[in-house]
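Chemist: No letters, just coordinates:
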């Protein structure tokens, strides 16, 4: 059933200007946490999803109960003699906002063929997992519980906003209950400053300054830290683990400068840049996948 609140979420951007700041901020927060309403979702998302799910055919489908609702996970067992228990270990894959596990299944398939066990999953409010809305914190909590349920996990690969959710679980500070001890990370097209993402969204909705502050304050409350301090670089540094940061110079959704900032602030991170792959095609590019496999295999 469509509620009044759901209908209000679909207001045109200029409509937010006529609302009291606190109300506009609350609505902006709810809209931000609703992936299906995101302007980042392409018009042909459904068609692309149906095609991408073909690549899940080699996975074992497992529903994982979490505090954020049932989460659909996909386990790819490795090829070769290590099939019963890969010596290379398991890799957790975390997709980005508005996406789902199937869009990273090519990554999973290649890692499987290289001898890794791979665990992918649909974030809450994405793909076949439960809920219509979810915050980045909800996704981090679900990620932690999937890793614990289907682990042990040695490594993790994440795309875009999935990287922030992943690093929050790896750091383990409030509001997380604990940290997961991933050994190393591969971070693809990940934003550094969460505040840059929230500001872009506020501008997209034409939020007035007071409404934008109310919206960001709500995000800060659930994150247990100021938005200005919620950065990939801080989270990665807190884990104390190494990372390969891969980013396309022509990424128009998450600018290349995000990757440069992360690597500049984290001595354990190394940057590998690509050209002509944008924000999404980077997930299907053989050189990118080979670089990830080489990095994870070097341990």
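Modeler: Noted; the coordinates are in hand. Since the model is a prediction, treat every value here as computed from it, not as a measurement. Numbering: from 1, shown residues only.
Chemist: Pull out the buried residues from stretch 123-136.
Modeler: 123-131, 133-136 (16 or more other Cβ atoms under 10 Å). Glycine gets a C-beta too; all of them are placed from N, C-alpha and C.
Chemist: what ranges do the helices span in the stretch 151-299 of the chain?
Modeler: 161-171, 194-204, 209-223, 232-239, 257-265, 286-297 (DSSP state H, counting those that start in this stretch).
Chemist: Specify the angle between the second one and helix 161-171 in degrees.
Modeler: Our comparison of helix 194-204 with helix 161-171, counting by axes from the mean of the first three to the mean of the last three Cα atoms, to 10 degrees, yields an angle of 140 degrees.
Chemist: what's the closest residue to residue 194 other than its chain neighbours in contact with, if anything?
Modeler: Distance criterion Cβ to Cβ, 6 or more residues apart in numbering; nearest residue to residue 194, sequence neighbours excluded, is residue 230 at 4.2 Å. Neighbouring residues of residue 230 by Cβ atoms under 8 Å, 6 or more residues apart in numbering: 164, 193, 194, 195, 220, 223.
Chemist: and with 7 Å instead?
Modeler: Contact analysis of residue 230 by Cβ atoms under 7 Å, 6 or more residues apart in numbering lists 194, 195, 223.
Chemist: so which of the helices of the stretch 151-299 of the chain gets nearest residue 153?
Modeler: Smallest distance to residue 153 across the helices of the stretch 151-299 of the chain (Cβ to Cβ): 10.4 Å, for helix 161-171.
Chemist: I'd like to know which elements the closest one is packed against.
Modeler: strand 90-94, helix 136-150, helix 232-239 (3 or more Cβ pairs under 7 Å, 6 or more residues apart in numbering; DSSP states H and E).
Chemist: what about that helix, average pLDDT?
Modeler: Taken as a whole, helix 161-171 has a mean pLDDT of 98.
Chemist: Highest mean neighbour count out of the helices of the stretch 151-299 of the chain?
Modeler: helix 161-171 (a mean of 27; mean count of other Cβ atoms under 10 Å).
Chemist: Make a markdown table from the helices of the stretch 151-299 of the chain and add distance to residue 96 to it.
Modeler: Shown next, in a markdown table, are the helices of the stretch 151-299 of the chain (distance: least, Cβ to Cβ, whole Å):
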| stretch | distance to residue 96 |
| --- | --- |
| helix 161-171 | 5 |
| helix 194-204 | 11 |
| helix 209-223 | 18 |
| helix 232-239 | 13 |
| helix 257-265 | 13 |
| helix 286-297 | 14 |
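Chemist: Throw the helices and strands packed on helix 161-171 into TSV and include mean pLDDT and distance to residue 297, thanks.
Modeler: Below are the helices and strands packed on helix 161-171 laid out as TSV (pLDDT from 0 to 100; distance: least, Cβ to Cβ, whole Å):
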stretch	mean pLDDT	distance to residue 297
strand 90-94	98	11
helix 136-150	98	20
helix 232-239	97	21
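Chemist: Now distance to residue 24 too, for the ones you listed, in JSON lines please.
Modeler: Shown next, in JSON lines, are the helices and strands packed on helix 161-171 (distance: least, Cβ to Cβ, whole Å):
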{"stretch": "strand 90-94", "distance to residue 24": "31"}
{"stretch": "helix 136-150", "distance to residue 24": "21"}
{"stretch": "helix 232-239", "distance to residue 24": "28"}
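Chemist: who wins for proximity to residue 285 among these?
Modeler: strand 90-94 (15.9 Å).
Chemist: Distance from the closest one to the middle of the chain?
Modeler: Taking Cα atoms, centre = their mean, to the nearest Å, one finds strand 90-94 lying 12 Å from the centre of the chain it belongs to.
Chemist: Give the next helix or strand downstream of it.
Modeler: Beyond strand 90-94 on the C-terminal side, the first helix or strand identified by DSSP states H and E is helix 105-113.
Chemist: Which positions within that following helix qualify as buried?
Modeler: Buried residues in helix 105-113, defined by neighbour count with 16+ other Cβ under 10 Å: 105, 106, 107, 108, 109, 110, 111, 112.
Chemist: any idea of the angle it forms with helix 286-297?
Modeler: With the same axes, to 10 degrees defining the directions, helix 105-113 sits at 40 degrees from helix 286-297.
Chemist: After helix 105-113, which helix or strand is next?
Modeler: Sequence-wise, the next helix or strand beyond helix 105-113 is strand 117-121, with elements assigned using DSSP H and E.
Chemist: List the contacts of that following strand.
Modeler: Residues outside strand 117-121 that contact it (Cβ under 7 Å, 6+ apart) are 71-78, 86, 90-93, 101, 104-105, 108, 111-112, 146, 150, 153.
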